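K.L.:
have a look; sequence and predicted model below, questions after that.
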Amino acid sequence: MKTLNKRVKVSICIPTYNNIDLVKRALGSVLNQAFLDYEVIITDDSDHDAVKALILAINDARVRYVKNPVQLGSPANWNAAVRLAKGEYIKILHHDDWFTSSDCLAKFVQLLDDNPQRVLGFSASQACYADQTFAFLHAPSQQQLLSLNQDPSCLFFANFIGAPSATIFRKAYVLPFDNALRWLVDVDFYIRILAKKEQAYAYTSAPLISIAIEGNHKVTHECSGNKAVELFE
């Protein structure tokens, strides 16, 4: 399997666990992007070799595959992918999500290129059913965006940024996701990275990411109603 050694603009990190059809959709949306200065890092927690076989069949030098020697779970598998990133920007794409169209990666990159003082960019996202039909738009209100500038901890009460797939951030400001968390791990990460400086984010109302809202693979389904998780987090 070929790998890239040169520095790239953006590292697209795809932590995977089984669900090969979802991985195909996510990776297909990446390889369809018009913006080409990227690498893909796939860290695989699967209990089979279907993801590995897919990457071998694609044989794209931009795609780097790593099978975790032991299953790391979420979010340790996210951290494993980010640690391998060589890009100036980090773009996490969970394997059940996908780029909405072929120009979305370029627009994500532009968020940070056009706002060099900002550490994190995010977009609205479109929530979709299992058949990929549109369900609703996930987007912050103007008041929520103003509140985010004043105090990032407002995200604790409503995660209007959304899933990590809806974000892009600078590697220079990278922080590890907290391995002790499962449900609020993204909110905790956003609060910590945005607290590093004032006016820390850039936002676009374009729904650059499509988010799957159905399926037993979602961590929220595992955690919702779990009193041990809810009380701890």
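P.N.:
Cool, the structure landed.
K.L.:
which secondary element of this protein has the worst mean pLDDT?
P.N.:
Using mean pLDDT, DSSP states H and E, the weakest-scoring helix or strand in the chain turns out to be helix 227-232, at a mean of 40.
K.L.:
tell me which element Tyr65 falls in.
P.N.:
strand 63-67 (DSSP states H and E).
K.L.:
from the contact counts, what lies against that strand?
P.N.:
Using 3 or more CB pairs under 8 Å, 6 or more residues apart in numbering; DSSP states H and E as the contact test, the elements touching strand 63-67 are strand 38-44, helix 50-58. Just so you know, the C-beta spots here come from the backbone N, C-alpha and C atoms, and that holds for glycine as well.
K.L.:
so where's the chain uncertain?
P.N.:
1-5, 215-233 (pLDDT under 70).
K.L.:
counting by contacts, list what the lengthiest helix in it packs against.
P.N.:
Taking DSSP state H as the criterion, the chain has its longest helix at helix 20-31. If contacts are counted by 3+ CB pairs under 8 Å, 6+ apart, helix 20-31 sits against strand 10-16, strand 38-44, helix 50-58, strand 98-99.
K.L.:
can you show me the strands along this protein?
P.N.:
For the chain, the strands defined by DSSP state E occupy 10-16, 38-44, 63-67, 89-92, 98-99, 120-128, 134-138, 167-170, 201-212.
K.L.:
can you tell me which of those is nearest to Ser74?
P.N.:
strand 10-16 (7.3 Å; CB to CB).
K.L.:
relative orientation of the closest one and helix 50-58 in degrees?
P.N.:
140 degrees (axes from the mean of the first three to the mean of the last three CA atoms, to 10 degrees).
K.L.:
mind listing residues that contact strand 10-16?
P.N.:
23, 26-27, 30, 35, 37-46, 51, 74, 77-78, 80-82, 84-95, 105, 108-109, 168, 171 (CB atoms under 8 Å, 6 or more residues apart in numbering).
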